[in-house]
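K.L.:
Generate a structure from the sequence data that follows.
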Amino acid sequence: MVLCHKIKKAKNTWYWWKNKIITTWENDSWRYKIEDAFENFFFEPDKNKPLTWFLEKSGRLNESYPGISQKMVHRQILKKCGGELEHALRRRCIEPCSTEEYINALGDIVRRTKTGRTWRKLDIKIPNKPFIRKEKQKSFQTQYIQH
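P.N.:
Here you go, the predicted structure:
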């Protein structure tokens with residue numbers, strides 16, 4: 001935000017600053033960035049905590065669509081859970097359901113089940129040769145040489 005020196009030094013009210021911020025940042029490109037961030041970020045139980053993720057998503061929806069109803073916010077967020085996790089949440093929280101109930105149900109499902117988690121391949125290198133202890137090798141060699 002580019003402001004002249006006089007405006008920076010002047011004591012302005014909160015309403016003046018609020019209008020200045022809205023006129024500067026609330027434009028089509030800003031709205032597109034928020035919508036794009038919402039669309040590209042899915043819930044991953046291994047990385048995200050349910051409370052912070054849900055509140056961040058609902059905040060982004062309320063910023064980009066100021067008049068959106070709570071029911072539509074919940075539906076959009078459920079779509080971002082994906083697959084089995086979305087199905088489990090829909091069965092657990094029958095509409096109308098509050099935001100707290102959705103967050104608690106999401107936390108319970110993630111904590112108690114493995115629903116929504118991704119399978120990861122472990123990188124464990126298994127050697128071709130079996131493990132042989134050196135003590136047994138020496139005893140075998142000494143027995144072989146003596147006979």
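K.L.:
how about the helices in this structure?
P.N.:
5-9, 14-25, 28-40, 50-64, 70-81, 83-92, 99-112, 134-146 (DSSP state H).
K.L.:
Quick check: buried residues in the fifth one?
P.N.:
It refers to helix 70-81. 73-74, 76-78, 80-81 (16 or more other CB atoms under 10 Å). For glycine as for every other residue, the C-beta is placed from the backbone atoms N, C-alpha and C.
K.L.:
would you turn those into JSON lines with distance to Ile103?
P.N.:
Putting the buried residues of helix 70-81 into JSON lines (distance: CB to CB, whole Å) gives the following:
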{"residue": "Val73", "distance to Ile103": "12"}
{"residue": "His74", "distance to Ile103": "11"}
{"residue": "Gln76", "distance to Ile103": "15"}
{"residue": "Ile77", "distance to Ile103": "10"}
{"residue": "Leu78", "distance to Ile103": "12"}
{"residue": "Lys80", "distance to Ile103": "14"}
{"residue": "Cys81", "distance to Ile103": "12"}
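K.L.:
Would you point out the most distant pair within those?
P.N.:
Val73 and Cys81 (13.4 Å; CB to CB).
K.L.:
on that earlier part again, could you redo the helices of the chain as JSON lines and give each row mean pLDDT?
P.N.:
Output for those, formatted as JSON lines (pLDDT from 0 to 100):
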{"stretch": "helix 5-9", "mean pLDDT": "54"}
{"stretch": "helix 14-25", "mean pLDDT": "80"}
{"stretch": "helix 28-40", "mean pLDDT": "79"}
{"stretch": "helix 50-64", "mean pLDDT": "87"}
{"stretch": "helix 70-81", "mean pLDDT": "89"}
{"stretch": "helix 83-92", "mean pLDDT": "87"}
{"stretch": "helix 99-112", "mean pLDDT": "89"}
{"stretch": "helix 134-146", "mean pLDDT": "55"}
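K.L.:
Got the phi and psi for the residue most central in space within the chain?
P.N.:
By CA atoms, centre = their mean, the chain has its centre lying nearest to Asn48, at 3.7 Å. Main-chain dihedrals, Asn48, degrees, to the nearest 10: phi -100, psi 150.
K.L.:
what residues are up against it?
P.N.:
Counting by CB atoms under 8 Å, 6 or more residues apart in numbering, Asn48 touches no other residue.
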